[in-house]
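J.: output the structure for:
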Amino acid sequence: MEHEKLLGVNKIMPDVVISKYDSLEVLFECDDFNFMRKLKDHFTDYKEGFMFAPKYKAGLWDGKISVFNWKHKTLPYGLLLEAIRFIKKEFPNFTISITPDVTRMFKGEEIPFVYDLNINVREYQKDCIESCLKYSKGIIVSSTASGKSLLISYIIKHLFDNNICKKSLIIVPTIQLVSQFYSNLIEYGLTQYTIGRVWSKSKEWDSSIVISTWQSLSKHHEMLSKFDCILCDETHQARAHEIKDILKHATRATYRLGFTGTMPISNLDNWNIKGYLGPIIKEYGPGQLSDLGFISKCNVNIYNIEYKTKFEGTYTEIQDSVFKNPYRLEVIKNIIDKADSNIMLLVGKVEKEGEMLKEYLSKIFTNKEVVFIWGGVPNNEREYWRKEMENRTNIVLIATYQVFSTGVNIPSLKHLILAAPYKSKIRTLQSVGRTLRLHANKPEGSYVYDIVDKTKYFNDYGEKRIRYYSSEGFNIIETEIIEGQPFIS
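T.: Numbering: from 1, shown residues only. Coordinates of the predicted model:
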């Protein structure tokens with residue numbers, strides 16, 4: 001394993017000594033100033049949107065941020081392996097010594113694992129579970145619908161059954177996922193009375209397993225020292241300062257693991273996520289799992305709309321005008337009309353997109369129930385409609401990306417329209433992930449409908465999304481359509 005090779009590099013009279021600085025950082029000691037400077041430069045990059053920052057405009061900042069602390073000569077422990085790779089490549093003659101206290105940071109208890117939750121566990125899931133227990137820190141990158149909640153359930157049960165950990169914290173991005181994860185843990189065989197939920201209306205801190213959101217935990221740092229195991233679901237949504245603040249206070253947490261379907265593109269976002277959880281220890285993409293038959297095949301239909309209408313104005317003005325364009329709305333209507341089951345539409349704005357689309361579609365589809373879910377809708381109502389999507393076939397569910405693009409489990413969802421597409425890789429692929437779960441009603445796979453608006457600002461967005469789909473191995477079909485011409489999906 002790469003972990004074992006890279007961490008087993010201790011030498012006599014080393015050029016670089018790496019030791020534990022504290023529970024979150026490792027210290028680099030080296031007499032070569034050029035080495036230290038290049039190490040810092042390697043972990044430095046431009047902050048997204050730096051050109052709009054007042055300090056940059058005033059010439060007081062170059063727009064860059066480094067995750068290497070020059071003053072203390074430290075780096076977040078999760079970037080250790082990347083630092084060693086850098087040293088071996090750029091300073092191949094250097095010898096490295098890693099102190100035992102650093103090695104112990106990445107070493108779990110070696111106790112034989114027993115799969116006894118009466119749930120079928122696939123080979124790739126076993127690989128992920130056993131790697132998490134072996135290294136104790138790190139990130140699993142595994143496609144949406146690959147069963148990350150099952151991985152977490154098995155990990156927690158093993159740690160509890162062998163008295164390795166006594167109190168675990170599961171962190172999710174939304175209140176809705178607190179409820180969903182609670183149900184999943186019970187479904188996978190964990191006892192209900194051991195599971196607690198923490199959010200604004202629930203404070204079940206005394207439970208052995210606590211499920212909460214980043215937002216709730218940020219107000220209760222004093223409770224974090226009780227946990228010896230922290231598992232972060234949908235890791236890509238966590239901000240660097242949130243991860244750091246929580247783990248800084250969770251001083252007893254020897255197991256720190258993250259789970260996500262998509263890692264960010266930017267170096268800084270990647271470093272910040274890995275830094276305080278750990279390196280990627282296993283990765284299973286949707287293309288690989290689809291080929292193995294573990295998740296649904298994804299068919300992405302790209303509709304490139306050439307507009308005769310000339311859109312003028314700012315970014316926001318053009319965005320709003322394009323969305324309510326009659327021809328574009330007709331394209332959406334035709335896609336829904338041809339869908340043979342429920343369909344979800346994802347939007348970014350509440351009033352100008354979600355509510356407007358609901359009003360438009362409700363007048364057309366009198367035989368379907370058109371529903372709009374956004375942040376202001378109570379959690380129990382969101383959960384109700386999530387379950388209804390499994391029980392009925394006549395629902396047109398409009399939802400904001402913030403609420404339904406990540407983590408929401410609707411296995412039967414076969415059709416998805418990205419009604420307000422974005423350029424973000426994470427938002428795009430996490431949205432597509434809602435359709436990847438296997439289900440009897442989609443033997444030929446799921447269908448994603450991506451509308452590419454060939455206008456100022458948005459044409460490039462479409463090209464980026466196509467690259468994302470291609471990199472994941474999805475089946476892509478592009479169709480060119482022109483405003484005013486008949487369109488049949």
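J.: looking at this, I140 is in a helix?
T.: No - read with DSSP: H, G, I helix; E, B strand; the rest coil, I140 is strand and lies in no helix.
J.: distance of it relative to K148?
T.: Note on I140: its distance to K148, by CB to CB, to the nearest Å, is 7 Å. From N, CA and C alone the C-beta is placed, and that goes for glycine too.
J.: quick one: which of the two has more around it?
T.: Between I140 and K148, I140 has the larger neighbour count (other CB atoms under 10 Å), namely 27 against 24.
J.: pretty sure that one sits against M263.
T.: No - under the criterion of CB atoms under 8 Å, I140 is not in contact with M263, lying 10.9 Å apart.
J.: and the strand or helix carrying S97, which strands flank it?
T.: Taking DSSP states H and E as the criterion, S97 maps to strand 96-98. Looking at strand 96-98 with DSSP bridges, its partner strands are strand 16-20 (parallel).
J.: next structured bit after the partner strand?
T.: Following strand 16-20 in sequence, per DSSP H and E, is strand 25-29.
J.: how about the following helix or strand past that following strand as PDB, C-alpha atoms only?
T.: Downstream of strand 25-29, the first helix or strand assigned by DSSP H and E is helix 33-42. Taking Å, rounded to 0.1, in the frame of the first residue of the first chain, the C-alpha atoms of helix 33-42 are listed here in PDB:
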ATOM      1  CA  PHE A  33      16.000  27.100   3.400                       C
ATOM      2  CA  ASN A  34      15.400  26.500  -0.300                       C
ATOM      3  CA  PHE A  35      13.600  23.300   0.600                       C
ATOM      4  CA  MET A  36      11.300  25.000   3.100                       C
ATOM      5  CA  ARG A  37      10.500  27.700   0.700                       C
ATOM      6  CA  LYS A  38       9.600  25.300  -2.100                       C
ATOM      7  CA  LEU A  39       7.500  23.200   0.300                       C
ATOM      8  CA  LYS A  40       5.500  26.300   1.100                       C
ATOM      9  CA  ASP A  41       5.200  27.300  -2.500                       C
ATOM     10  CA  HIS A  42       3.900  23.800  -3.400                       C
END
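J.: can you map out the helices along the stretch 201-350 of the chain?
T.: Per DSSP state H, counting those that start in this stretch, the stretch 201-350 of the chain carries helices over the ranges 214-217, 240-249, 267-275, 286-291, 315-323, 326-338.
J.: and the ones you listed, which is most packed in?
T.: Comparing those by mean neighbour count (mean count of other CB atoms under 10 Å), helix 267-275 comes out on top with a mean of 21.
J.: quick one: low-confidence ranges for this protein?
T.: Counting by pLDDT under 70, the chain has low-confidence residues at 1-12, 116-118, 236-241, 405-407, 489.
J.: domain map for it?
T.: Domain assignment for the chain by automatic domain parsing gives 2-104, 108-289, 296-482.
J.: looking at those domains, spot the one closest to I488.
T.: For I488, the closest of the domains of the chain is domain 296-482, at 6.2 Å, according to CB to CB.
J.: whichever helix or strand T428 is part of packs against which elements?
T.: Using DSSP H and E, T428 maps to helix 425-432. Here helix 425-432 touches strand 415-418, helix 458-471, going by 3 or more CB pairs under 8 Å, 6 or more residues apart in numbering; DSSP states H and E.
J.: just name the most buried of the ones you listed.
T.: Among the helices and strands packed on helix 425-432, strand 415-418 has the highest mean neighbour count (mean count of other CB under 10 Å), at a mean of 24.
J.: sorry, back to before: overlap in contacts, I140 and M263.
T.: Residues touching both I140 and M263 (CB atoms under 8 Å, 6 or more residues apart in numbering): I280.
J.: the strands in the stretch 51-200 of the chain, which residues?
T.: Using DSSP state E, counting those that start in this stretch, the strands of the stretch 51-200 of the chain run over 64-66, 74-76, 96-98, 137-142, 168-172, 195-199.
J.: which residues are in contact with the fourth one?
T.: By that I understand strand 137-142. 77-78, 105-106, 124, 128, 131-132, 148, 151, 235, 255-263, 273-274, 277-285, 289.
J.: change it to 7 Å
T.: Strand 137-142 has contacts (CB atoms under 7 Å, 6 or more residues apart in numbering) with 78, 105-106, 128, 132, 148, 151, 235, 256-261, 263, 274, 277-284.
J.: now list the buried members of these.
T.: Buried members of the contacts of strand 137-142, counted by 16 or more other CB atoms under 10 Å: 78, 105-106, 128, 132, 148, 151, 235, 256-261, 263, 274, 277-282, 284.
J.: relative to Q288, how far out is K414?
T.: Separation of K414 from Q288 (CB to CB): 22 Å.
J.: what's the answer for H415, then?
T.: 24 Å.
J.: now do V396
T.: As for V396, its distance to Q288 is 32 Å (criterion: CB to CB).
J.: before we move on, what about P411?
T.: 20 Å.
J.: cool, D32 as well?
T.: Using CB to CB, D32 is found at 41 Å from Q288.
J.: then S321?
T.: According to CB to CB, S321 stands 41 Å off from Q288.
J.: same deal with E353?
T.: E353 sits at a distance of 34 Å from Q288 (criterion: CB to CB).
J.: residues contacting N184?
T.: Neighbour list for N184: S149 [criterion: CB under 7 Å, 6+ apart].
J.: I'd like to know how far it sits from I156.
T.: As for N184, its distance to I156 is 12 Å (criterion: CB to CB).
J.: ok, now R104?
T.: 22 Å.
J.: with neighbour numbers in mind, choose between the two.
T.: A direct count of neighbours by other CB under 10 Å for R104 and I156 places I156 higher, at 23 against 11.
J.: who does the residue nearest to that one when sequence neighbours are not counted form a beta bridge with?
T.: Take I156 and drop its neighbours on the chain: the residue closest to it by CB to CB, 6 or more residues apart in numbering is S168, 5.1 Å away. Beta bridges link S168 to I209, C229 when assigned by DSSP bridges.
J.: now do the contacts for S168.
T.: I156, I209, F227, C229, L231.
J.: and the furthest pair within these?
T.: Greatest spacing in those, by CB to CB: I156 and F227 (11.5 Å).
J.: and stretch 315-333, C-alpha only, in CSV?
T.: This file holds the C-alpha atoms of stretch 315-333, laid out as CSV (Å, rounded to 0.1, in the frame of the first residue of the first chain):
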residue,chain,number,x,y,z
TYR,A,315,-25.1,38.3,-15.7
THR,A,316,-28.1,38.2,-13.4
GLU,A,317,-30.4,40.0,-15.9
ILE,A,318,-29.5,37.6,-18.7
GLN,A,319,-29.8,34.6,-16.3
ASP,A,320,-33.4,35.6,-15.4
SER,A,321,-34.4,36.4,-19.0
VAL,A,322,-33.1,33.1,-20.3
PHE,A,323,-34.9,31.1,-17.6
LYS,A,324,-38.3,32.5,-18.4
ASN,A,325,-37.8,32.4,-22.1
PRO,A,326,-41.0,30.8,-23.6
TYR,A,327,-39.2,28.5,-25.9
ARG,A,328,-36.9,27.2,-23.1
LEU,A,329,-40.0,26.6,-20.9
GLU,A,330,-41.6,24.7,-23.8
VAL,A,331,-38.5,22.5,-23.9
ILE,A,332,-38.8,21.7,-20.2
LYS,A,333,-42.6,21.0,-20.7
